[in-house]
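Asker: predicted model and sequence follow; I will ask about them next.
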Amino acid sequence: MAHVPTVVGVSGSPTHPSRTTVLVDEVARSFAEAIGGSHRTIELAPLLGQLGAGPFRSHLGPEVVEALEAVEAADVIVVGSPAYRATYTGLFKLFFDHIGQYALVDKPIVLTATGGSDRHALLVEHQMRPLFGFFQSLTLPLGIYAAESDFADYAITSDDLRGRIDTAVNRTVPLVRAHIDPDSRYANAEFARPDAF
Ligand SMILES: Cc1cc2nc3c(=O)[nH]c(=O)nc-3n(C[C@H](O)[C@H](O)[C@H](O)COP(=O)(O)O)c2cc1C
């Protein structure tokens with residue numbers, strides 16, 4: 001049976017409801033739809049207490065361990081955090097401190113964030129991208145940042161934000177598809193795969 005790609009979202013907001021969760025879920029859903037996969041979004045807010053239990057996975061509760069394993073097994077990960085003091089939340093970092101050092105190597109990662117205004121939009125480039133550089137992940141070139149004014153009652157209301165999500169998905173889906181199914185990279189090419197010679 002063909003492998004159905006999994007897109008897993010991680011929302012690093014400590015609150016519920018959360019604009020970040022709404023954004024992460026929408027981006028994960030859009031990617032899953034575009035690649036014919038399934039999606040799920042993990043909220044870290046309910047895991048906050050368990051995540052502080054200690055530095056090793058053996059210290060953590062079963063819900064956190066299940067979430068960590070789902071992220072490590074995903075084909076594509078959509079990460080998101082609210083801006084807190086101009087960077088991602090401590091909760092977001094705490095979760096990724098428990099991810100295996102080599103578990104995300106070459107994994108396609110979509111970077112997203114929300115904030116009170118646009119002032120700290122570059123946290124996606126200056127804080128998030130280096131974190132996933134440590135993991136040797138394949139961070140996709142277009143990050144998605146949204147301000148509070150892009151939402152009303154925890155729903156996306158901005159056409160501009162919807163346009164940015166569509167652009168990010170349309171521009172990077174070929175890259176994601178080629179990555180999770182290397183054969184598709186050569187499907188329309190005039191030349192054969194290099195290893196076919
Ligand atoms: C403790 C705290 C620190 C914050 N720091 C920033 C900040 O530095 N820059 C910013 O743009 N917004 C900041 N905000 C606003 C949140 O990033 C913004 O409201 C975000 O959309 C909340 O996301 P959520 O609904 O997913 O929790 C801060 C909010 C809190 C509670």
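Answerer: Yep, that arrived. Numbering: from 1, shown residues only.
Asker: from here on, just use CA atoms for contacts and neighbour counts.
Answerer: Noted.
Asker: got the contact list for the residue sitting nearest the centre point of the chain?
Answerer: Nearest to the mean C-alpha position of the chain, by CA atoms, centre = their mean, lies residue 78 at 1.4 Å. Counting by CA atoms under 8 Å, 6 or more residues apart in numbering, residue 78 touches 7, 8, 9, 10, 24, 27, 28, 109, 110, 111, 112.
Asker: closest one to residue 136 out of those residues, please.
Answerer: residue 109 (10.5 Å; CA to CA).
Asker: the ligand versus the closest one, what's the distance?
Answerer: Applying CA to the nearest ligand atom, to the nearest Å, the value for residue 109 to the ligand is 19 Å.
Asker: what's opposite that residue in the beta bridge?
Answerer: residue 77, residue 139 (DSSP bridges).
Asker: which pLDDT value goes with it?
Answerer: Looking at residue 109, its pLDDT reads 98.
Asker: contacts only, for it.
Answerer: 76, 77, 78, 79, 137, 138, 139, 140.
Asker: how close does the residue nearest to the centre of the chain get to residue 42?
Answerer: 10 Å (CA to CA, to the nearest Å).
Asker: identify the contacts common to these two.
Answerer: Joint contacts of residue 78 and residue 42 (CA under 8 Å, 6+ apart) are 8, 9, 10.
Asker: interface residues of the protein facing the ligand?
Answerer: Residues of the chain lying close to the ligand (CA under 6 Å from any ligand atom) are 13, 15, 18-21, 82-86, 114-117, 119-120, 148.
Asker: just the buried members of those residues?
Answerer: By neighbour count, with 16 or more other CA atoms under 10 Å, the residues of the chain next to the ligand hold 13, 18, 19, 20, 21, 82, 83, 114, 115, 120 as buried.
Asker: which single one of those is nearest to residue 90?
Answerer: residue 13 (9.4 Å).
Asker: report the contact partners of the closest one.
Answerer: By CA under 8 Å, 6+ apart, residue 13 lies in contact with 20, 21, 43, 44, 45, 81, 82, 89, 91, 92.
Asker: helix or strand: which one has the first one?
Answerer: Just to be clear, that refers to residue 20. helix 19-35 (DSSP states H and E).
Asker: buried residues in the helix or strand following that helix?
Answerer: Next helix or strand after helix 19-35 toward the C-terminus (DSSP H and E): strand 38-43. For strand 38-43, burial by neighbour count (16+ other CA under 10 Å) applies to 39, 40, 41, 42, 43.
Asker: tell me the contacts of the closest residue to the third one other than its chain neighbours?
Answerer: To tie it back to what came earlier, the one meant is residue 41. Distance criterion CA to CA, 6 or more residues apart in numbering; nearest residue to residue 41, sequence neighbours excluded, is residue 9 at 4.2 Å. Taking CA under 8 Å, 6+ apart, we find residue 9 in contact with 24, 25, 28, 39, 40, 41, 42, 77, 78, 79, 80.
Asker: pLDDT weak spots in the chain?
Answerer: Residues of the chain meeting the criterion pLDDT under 70: 182-197.
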